[in-house]
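# Attaching a predicted model along with its sequence, questions to come.
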Amino acid sequence: MTQELIVDNEDFTLPPELPPELLAAEPYGPDLVAAERAAAAFLSALGVKLNGEGLSETPARMAKAYAELFDPKPLRLTTFPNNEGYDELVIAREIPFRTVCEHHLLPFSGVAQVGYLPGERILGLSKLARLVEYFAARPQTQERLTKQVADYLYESVRARGAGVVMQAEHTCMTLRGVRAVGSKTVTSALLGTLREDQRSRTEFFALAGLPA
Ligand SMILES: [Zn+2]
């Protein structure tokens, strides 16, 4: 499993509150054979009979499916000098994402609004979606995912401000437990000017299509 995040700024530093193991290169790929064996044992322990036609390959498929969910594609965050001096908000809206909650290992999915106020450097627009995808490719909490995307965006381009809002439906809440079907969880992380300045914050929420 590769967990490679490269930022081209020479002086890019990680926000200190983020655990360094997030970026540590993981030398081993997933052990699909062991995962398949464990999935078979897990299903058997739950009373699921695996000898039927439809289920015999299920442990192998389970192993592959989870390996895919936990495999962040390497991400290169190339930044460019802000030569035009663009100083208004840049927002990517309705970025779809999916991940699994780290408490139940059940999927949660939704959309992210990701924006920043450029400083000296800007980022390729597609990278806003790639950042979300990158941090979603591991067991997560929505709160941490939101903050990680905001922190990395803010630091990588030394933005004047960064904001992320995520809305998601958690299947551990809608399909089991309280079964709150249709309920959405909303999280936000605002940094820099977007946090401190009321006008910027209001503008961000308006452009993100959310009530301030
Ligand atoms: Zn959960």
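Happy to help now that I have it. Keep in mind that this is a model prediction, so the values were computed, not measured. Residues are numbered from 1 along each chain as shown.
# Okay, now the unreliable bits of this structure?
1-28, 212 (pLDDT under 70).
# 80 instead, please
Counting by pLDDT under 80, the chain shows low-confidence ranges at 1-29, 52, 76-77, 210-212.
# Alongside the ion, which residues does it contribute?
Residues of the chain lying close to the ion by C-beta under 5 Å from the ion are 101, 103-104, 172. (Each C-beta comes from the backbone N, C-alpha and C, glycine too.)
# State the pair within these that is farthest apart.
For the residues of the chain next to the ion, the farthest-apart pair by C-beta to C-beta is 103 and 172; their separation is 6.7 Å.
# Counting neighbours, go ahead and name the busier of these two.
Taking neighbours as other C-beta atoms under 10 Å, residue 103 and residue 172 compare with residue 172 leading, 16 against 10.
# Please identify the helix or strand for that one.
Taking DSSP states H and E as the criterion, residue 172 maps to helix 171-174.
# Next: residue 84.
Counting by DSSP H and E, residue 84 is found in no helix or strand.
# Ramachandran coordinates for it?
Phi and psi for residue 84, reported as degrees, to the nearest 10, are phi -80, psi -10.
# So which of the residues of the chain next to the ion are in strands?
residue 101 (DSSP state E).
# Counting neighbours, which bits of the helix holding residue 172 end up buried?
By 16 or more other C-beta atoms under 10 Å, the buried positions in helix 171-174 come out as 171-174.
# Distance to residue 125 for the residues you listed - can I get that in TSV?
Converted to TSV, these look like this (distance: C-beta to C-beta, whole Å):
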residue	distance to residue 125
171	30
172	33
173	32
174	32
